[in-house]
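Visitor: Below is the sequence, then the predicted model.
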Amino acid sequence: LALGETTPGPLIMVVAFVAFVGAYGQPLFGGDSAFASGALAAALVTWFTFLPSFLFILAGGPLVESTHGKLTFTAPLTGITAAVVGVILNLALFFGYHVLWPQGFAGAFDWVSALITLGAALALFAFKRGVIETIAGCAVVGLVAHLLV
């Protein structure tokens, strides 16, 4: 679990919720303290989920820094980086296919999604807009398009 949690993500929300519900159902401090028990359990689970990440970073940081310039360490990391880029590209193609052709290649091309995608790319790269601003704009355009169609 500690190695899997070196970069905690959405899992933290699930384990915190489960801890809260479990402690709420079986209050540690008595029947009148269900919320306090749940909040304490969620806080403890959150702490112990993030703790391994911080320990690995603090303990392993100096070790990783000491490997700069050593080919035996940097070569595998370069290969791993290339593999990660390949996975991200594969995921982008997968999502692009499912968004632009919702019924598969035999179905119709979704022009509205394509135009929103093009608008987002222009906003990000040509007009240097922020990611949150671009996502919000695309959400509004998508909502309006959905309501009009």
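Guide: Yep, that arrived. Numbers count the residues shown, from 1 in each chain.
Visitor: Which strands and helices lie in contact with the longest helix seen in the chain?
Guide: With secondary structure taken from DSSP state H, the chain has its longest helix at helix 34-65. Contacts defined by 3 or more C-beta pairs under 8 Å, 6 or more residues apart in numbering; DSSP states H and E place helix 34-65 against helix 11-25. Every residue, glycine included, has its C-beta placed from N, CA and C.
Visitor: Pull the helix it packs on out as CSV, backbone CA atoms only.
Guide: Provided in CSV are the C-alpha atoms of helix 11-25 (Å, rounded to 0.1, in the frame of the first residue of the first chain):
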residue,chain,number,x,y,z
LEU,A,11,-8.2,6.7,-3.6
ILE,A,12,-7.8,9.1,-0.7
MET,A,13,-11.4,10.2,-1.1
VAL,A,14,-12.7,6.7,-1.0
VAL,A,15,-10.7,5.6,2.1
ALA,A,16,-11.6,8.8,4.0
PHE,A,17,-15.3,8.2,3.2
VAL,A,18,-15.2,4.6,4.2
ALA,A,19,-13.4,5.5,7.5
PHE,A,20,-15.9,8.2,8.2
VAL,A,21,-18.9,5.9,7.6
GLY,A,22,-17.3,3.1,9.6
ALA,A,23,-16.6,5.3,12.6
TYR,A,24,-19.9,7.1,12.3
GLY,A,25,-21.7,3.7,12.5
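Visitor: which residues touch the nearest residue to residue 114 once chain neighbours are set aside?
Guide: Nearest residue to residue 114 in three dimensions, chain neighbours excluded: residue 100, at 5.8 Å (C-beta to C-beta, 6 or more residues apart in numbering). When contacts are counted by C-beta atoms under 8 Å, 6 or more residues apart in numbering, residue 100 touches 109, 110, 113, 114, 117.
Visitor: circling back to that earlier point, of all the residues in the longest helix of the chain, which ones are buried?
Guide: Going by neighbour count (16 or more other C-beta atoms under 10 Å), the buried part of helix 34-65 is 34, 37, 38, 39, 40, 41, 42, 45, 46, 49, 52.
Visitor: Give me the phi and psi for the residue nearest to residue 114.
Guide: With angles defined as degrees, to the nearest 10, residue 100 sits at phi -80, psi -30.
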